[in-house]
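> My questions are about this predicted structure, shown below with the sequence.
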Amino acid sequence: MGQVDPSEIHAWLQQGVMAAKAGQNAQARQWLQKVLKADRNNATGWLWLSSVVDNEAHQIRCLQNVLSLDPQNKHAIAGLNKLQKKTSPPQNSIPNSQAFATPPQNTPIAAPSVTHTVDAVPAVQTKPSLSPDQCPFCQHTLSALDTKCSHCQIALTVPCPECETKTDVEHTHCATCGYFLGDCRDGEAYFRALLKAYEQFERFGAIPAMTHALHFFNPDDLSSKIHQGKAEAAQGRTEAAITTLTGILTSEPDSVEASLTLGQVYHQLHQWDDAHRVYDQALTVTPDSAELHYAKGWLLMEERQVPKAIKSFQTTLKLDPEHGWSWLRLGQIYDAQRRQKQATQAYKEALTFLPDTLFVYQQAQKRIDALNPELPEQITTGWVELIRRMLGPFLICLILALVDAGVTISDISAITWLMLILSIVGGFLWASGSSASRNPFIRALMDEQDLPPVAKTVLVWIGITCWVIALLIIVLPFGRTMPEVPLL
Amino acid sequence: MILFFILLYQLISQVFLIPIKDDRGWQGKFPWVTATIIIINVIIHLSIDVYAYLQAGDFFDVRWQLIYPFMQVPGLIANGEGLGAFSTLSNIFLHGSWGHLIGNMVALWFFGRKVEDVTGSGQFLLFYLLCGFTADLASIMATLNFFPNTAHIPGLGASGAISGVMGAYLFLYSEERITTIASFSYLCIFPLPIPFKIPAWVFIVHQFAKDALLGQVALEIAKETSGFSLGIGVFAHMGGTIAGLLFIFLFLHPQALVAHRPVD
């Protein structure tokens, strides 16, 4: 690694410390590992890392590293004492190989000591010993400089999913952050676990090596090829991804996962027609796949073919009523269409089925709150709301009265003024009855109690009647004559 | 200056936009009031035409005699003659021709059902009427103030009310995209069969801009001449659009008002 500016290392350290203080351990680990990669002798980094690693063995190692750099560090001494009282002796161990030799005292311990914690797999005792001269997978003879077995072509080092430090496959833990990599003697299971970890940590560059290894153990393995396709797509190598996935579909046209992945690649490339073609083909083979219907719905949603998208999501939910993502997308569609009740219901269903760690979960929660807000007091119980509801019907009568008086206010007759007042009264009663619980007049009159439903209905109808009478008297041409019709 | 407005108007008015659908899609709740208004308009127009056809005499003459009292004539309104406020109500259910009717009803069906979906049926009816009356008032006042010599020319049509509905749509869904087909104004009956999507605000502002420019042209000409009739109620359209933008606020449910605030 090239020289890093010390001020940058300091900035990373600060970020790591802030994240650790905020309880964001995963983020803190990432920052601190970055610091330690650049400066292995950073005692502060090791000390803070000890507070955010996820098991005691790792904590002990970190604190030991602190003490090797700063033997008088009180925090490290206190922490180690506390931990060493708690830690039970190791139950299983892989025999030491040369890679696990303890370095000299004053050098920070880069490699963890070879112990398993209590939750290690007991079956490790029956596994064959690892030899430094032999490939652990095909037992082919290795030379000292080999980084990849020349026979099976499987890499002999793997990057740590968490910190990306390259580690020999014989190591069960990452040299830097202590992440548990697994036991390479587990063969296919080892690589499957690592593959999953790389996807989780989005280390897509490491996936092709994993798929190659899985192919060695199981040449017919389809899922690893699909993972490879996904990794290629995630890395932006879309042509390679399309080739890989199309190849899978040629030999396995029933593969829903391959169809989904290929469709999503086309979707990301905005090649809508190709994506539709892939999904439609897959649906002819597997018409009851909820995931395919969902993927198609999402594609239609992005193309803004909203009614068809709704139909697809509804089909998905018929097949899988607990498909949280479909509920979420429906909620988003209804939300955009201002269909408040349906959006709220769909979002609530989504929250039932989606994990709460997702960002969209938080967004859905916020939208539910926004769609069903605590209404401001002026709207719930205020005079402003009452006047707002009265104003519409009154304006209708006012404009008609103005027109009837030849657009001259002073020419409005007394009867028309009376009718305008009647329209205000009618509007007031109408608005009061239909929103009695919010009406400040009713609340004052009834001492904060609500009106009985019958009373509300009566009030509304009296109000409507008054308003209609006022409107009719203003608009009907009493006392007027039909005008003389001029020649066309 | 007047030439500039005429040129600009000619440029914009070359394109006549016909809305087909928007991305909001079908709501599943039938727009009863919008449908009823359309049916009433069609029945009235059909009845008038059938009656005029069945009467002896010139069809257009008979038709004119029948509908004139119910049209909005600014001069009669100003003098307190005619049917007064009733003509304001009646004229929004009358149309000059089938083309006029169909054009208005297409726009009403497209925009009206979306607005009714949000306001509810009862409130939508009140809103529609309010926009129509406000549009008429705006037209009357503009005529009396700027074109007094044309005050005898009657007006009719639901355009003012429908402009109000479009204004409400602009308030509620300005970002919505409308699938549109276009035709050149003189070839309105032969639209180009190439649908395209435009934002709703572009569609509505295009309509408003045409009216505003034509109105400005009329005002400029009126300054120079003794009278000028546009043949189109541009001030009714503009008045209706502004009324729709302002008054929709009075007819929305409180939660619909509050629910549109963005998420932080």
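Structure's in. What do you need?
> which residues of the stretch 101-250 of chain A fall in helices?
A:188-200, A:207-217, A:222-234, A:238-251 (DSSP state H, counting those that start in this stretch).
> closest one to chain B among those?
Proximity to chain B (Cβ to the nearest Cβ) singles out helix A:238-251 among the helices of the stretch 101-250 of chain A, at 27.1 Å. All C-beta atoms are positioned from the backbone trio N, CA, C, and that covers glycine.
> Now the closest one: average pLDDT?
Helix A:238-251 comes out with an average pLDDT of 87.
> Check which helices and strands it sits against.
Contacts defined by 3 or more Cβ pairs under 8 Å, 6 or more residues apart in numbering or on different chains; DSSP states H and E place helix A:238-251 against helix A:222-234, helix A:256-268.
> ok, which stretches of chain B are strands?
B:15-22, B:177-184, B:196-199 (DSSP state E).
> Worst mean pLDDT among the helices of the stretch 101-250 of chain A?
helix A:222-234 (a mean of 78).
> and it with helix A:256-268, angle?
With axes from the mean of the first three to the mean of the last three Cα atoms, to 10 degrees defining the directions, helix A:222-234 sits at 10 degrees from helix A:256-268.
> how far off helix A:207-217 does helix A:222-234 point, in degrees?
Using the same axes, to 10 degrees: helix A:222-234 against helix A:207-217 is 170 degrees.
> distance of B:E175 from B:A200?
7 Å (Cβ to Cβ, to the nearest Å).
> ok, those two, which is more surrounded?
B:A200 (23 against 9; other Cβ atoms under 10 Å in any protein chain shown).
> Now do the contacts for the residue most central in space within chain B.
Residue closest to the average C-alpha location in chain B (Cα atoms, centre = their mean): B:S159, at 1.8 Å. Neighbouring residues of B:S159 by Cβ atoms under 8 Å, 6 or more residues apart in numbering or on different chains: B:104, B:135, B:233, B:236-237, B:240.
> what number of residues lie near the closest residue to A:Q153 other than its chain neighbours?
Leaving aside its sequence neighbours, A:Q153 sits nearest to A:H212 (Cβ to Cβ, 6 or more residues apart in numbering or on different chains; 6.6 Å). Residues near A:H212, counting by other Cβ under 10 Å, number 17.
> Give me the distance between A:H212 and A:A206.
11 Å.
> Please produce TSV containing the strands of chain B, extended by mean pLDDT.
Output for those, formatted as TSV (pLDDT from 0 to 100):
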stretch	mean pLDDT
strand B:15-22	74
strand B:177-184	75
strand B:196-199	79
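> Mean neighbour count and distance to chain A for the ones you listed - can I get that in JSON lines?
Output for these, formatted as JSON lines (neighbours: other Cβ atoms under 10 Å in any protein chain shown; distance: least, Cβ to the nearest Cβ, whole Å):
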{"stretch": "strand B:15-22", "mean neighbour count": "18", "distance to chain A": "9"}
{"stretch": "strand B:177-184", "mean neighbour count": "18", "distance to chain A": "7"}
{"stretch": "strand B:196-199", "mean neighbour count": "14", "distance to chain A": "8"}
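> Just send the ones you listed back as CSV, with distance to A:T465 too.
CSV is the format used below for those (distance: least, Cβ to Cβ, whole Å):
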stretch, distance to A:T465
strand B:15-22, 38
strand B:177-184, 41
strand B:196-199, 44
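> Name the residue of the stretch 101-250 of chain A that lies nearest to chain B.
Nearest residue of the stretch 101-250 of chain A to chain B: A:E202, at 26.4 Å (Cβ to the nearest Cβ).
> thought that residue was touching A:A234?
Yes. If you go by Cβ atoms under 8 Å, A:E202 and A:A234 touch, sitting 7.2 Å apart.
> Residues of the stretch 101-250 of chain B that sit close to chain A?
B:117-118, B:123, B:126-127, B:129-130, B:133-134, B:136-137, B:140-141, B:144, B:152, B:172-173, B:177, B:197, B:247, B:249-250 (Cβ under 8 Å from any Cβ of the partner chain).
> change it to 10 Å
B:114, B:117-118, B:122-123, B:126-127, B:129-130, B:132-137, B:140-141, B:144-145, B:152, B:154, B:172-173, B:175-177, B:179, B:197, B:243, B:247-250 (Cβ under 10 Å from any Cβ of the partner chain).
> which one of A:E202 and A:A234 has more residues nearby?
A:A234 (17 against 10).
> Quick one: residues contacting the more buried one.
A:199, A:202-205, A:207, A:241, A:265, A:268 (Cβ atoms under 10 Å, 6 or more residues apart in numbering or on different chains).
> What sits closest to B:L108 if chain neighbours are left out?
Here the residue nearest B:L108, using Cβ to Cβ, 6+ apart, is B:I162, at 5.1 Å.
> show me the contacts for that neighbour.
B:I162 sits next to B:37, B:92, B:103-112, B:128, B:131-132, B:135, B:237, B:240-241, B:244 when contact means Cβ under 10 Å, 6+ apart.
> Could you list the low-confidence segments of the chain?
If you meant another chain, say so; for now it's chain A. For chain A, the stretches with pLDDT under 70 are A:1-3, A:84-130, A:132, A:144, A:373-381, A:436-438, A:448-449, A:488.
> meant chain B, my bad for not saying
B:1, B:13-14, B:23-28, B:184-193, B:217-232, B:254-264.
> For chain A, tell me whether stretch B:77-91 is touching it.
Yes. Counting by Cβ under 10 Å from any Cβ, chain A has neighbours in stretch B:77-91: B:77-90.
> Would you show me how to pick out the buried ones of the residues you listed in PyMOL?
Applying 16 or more other Cβ atoms under 10 Å in any protein chain shown to the residues of stretch B:77-91 next to chain A leaves a buried subset, and the PyMOL line that selects it is:
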select buried, chain B and resi 77+78+81+82+83+84+85+86+87+88+89+90
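> what does the stretch 51-200 of chain A have sitting close to chain B?
Counting by Cβ under 10 Å from any Cβ, no residue of the stretch 51-200 of chain A is near chain B.
> mind listing the strands for the stretch 51-200 of chain A?
A:157-159, A:166-168 (DSSP state E, counting those that start in this stretch).
> can you pull out the helices in chain B?
Counting by DSSP state H, one finds helices in chain B at the ranges B:2-13, B:32-54, B:59-67, B:74-78, B:85-90, B:98-107, B:113-119, B:121-146, B:159-173, B:200-224, B:234-251, B:254-258.
> and stretch A:399-407, does that touch chain B?
Yes. Counting by Cβ under 10 Å from any Cβ, chain B has neighbours in stretch A:399-407: A:399-407.
> quick revisit: can I get the helices of the stretch 101-250 of chain A in JSON lines with distance to A:L418?
Formatted as JSON lines, those follow (distance: least, Cβ to Cβ, whole Å):
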{"stretch": "helix A:188-200", "distance to A:L418": "77"}
{"stretch": "helix A:207-217", "distance to A:L418": "83"}
{"stretch": "helix A:222-234", "distance to A:L418": "75"}
{"stretch": "helix A:238-251", "distance to A:L418": "76"}
